[in-house]
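A.B. asks: what follows is a predicted protein model with its sequence.
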Amino acid sequence: MIFGYARVSTPDQQLHLQTDALQAYGCQEVAQEKVSSAKERPALQHLLTRLRAGDTLVVWKLDRLGRSLKDLVTLVTGFQDKGIHFVSLTRPEKS
């Protein structure tokens with residue numbers, strides 16, 4: 001199954017740019033949150049319990065998933081260990 005995860009940091013920000021891109025990619029289900037990455041992210045935690053080998057997790061941008069580079073590396077390494085595919089739709093800009 002292809003899952004998407006979309007997050008914005010504040011309640012007044014909109015998710016539609018991310019959710020539109022995730023749906024266009026083919027995500028069958030998109031977990032959404034309006035919360036700072038520094039706080040608990042219950043939708044992400046629930047999604048992580050549902051991922052199985054062969055599933056794909058898609059995010060619009062890497063910073064939507066990880067709180068820090070270390071957190072991001074830990075998550076992606078865990079996905080690899082469990083046979084979960086990971087896709088980021090945008091790439092970091094080159095300086």
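C.D. replies: Structure received. Numbers count the residues shown, from 1 in each chain.

A.B. asks: neighbours of the residue nearest to residue 9 when sequence neighbours are not counted, how many?
C.D. replies: Take residue 9 and drop its neighbours on the chain: the residue closest to it by CB to CB, 6 or more residues apart in numbering is residue 36, 4.8 Å away. In short, each C-beta sits where N, CA and C put it, glycine included. Applying other CB atoms under 10 Å, we find 13 residues neighbouring residue 36.

A.B. asks: how about the strands of this protein, start to end?
C.D. replies: Here the chain has its strands, by DSSP state E, at 2-8, 29-34, 56-59, 85-88.

A.B. asks: which strands border the last one, and is each parallel or antiparallel?
C.D. replies: Pointing back at strand 85-88 there. Strand 85-88 sits in its sheet next to strand 56-59 (parallel), going by DSSP bridges.

A.B. asks: returning to what we had before: how close does the residue nearest to residue 9 sit to residue 81?
C.D. replies: 28 Å (CB to CB, to the nearest Å).

A.B. asks: returning to what we had before: can you put the strands of the chain in JSON lines and add distance to residue 43 and mean neighbour count?
C.D. replies: Conversion of the strands of the chain to JSON lines gives the following (distance: least, CB to CB, whole Å; neighbours: other CB atoms under 10 Å):
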{"stretch": "strand 2-8", "distance to residue 43": "8", "mean neighbour count": "22"}
{"stretch": "strand 29-34", "distance to residue 43": "4", "mean neighbour count": "17"}
{"stretch": "strand 56-59", "distance to residue 43": "13", "mean neighbour count": "21"}
{"stretch": "strand 85-88", "distance to residue 43": "17", "mean neighbour count": "16"}
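
A.B. asks: let me have these in TSV, adding distance to residue 71 as columns.
C.D. replies: Shown next, in TSV, are the strands of the chain (distance: least, CB to CB, whole Å):
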stretch	distance to residue 71
strand 2-8	13
strand 29-34	15
strand 56-59	13
strand 85-88	14
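
A.B. asks: right, so of these, which gets closest to residue 77?
C.D. replies: Smallest distance to residue 77 across the strands of the chain (CB to CB): 10.1 Å, for strand 85-88.

A.B. asks: list the contacts of the closest one.
C.D. replies: 25, 54-62, 65, 76, 79-80 (CB atoms under 8 Å, 6 or more residues apart in numbering).
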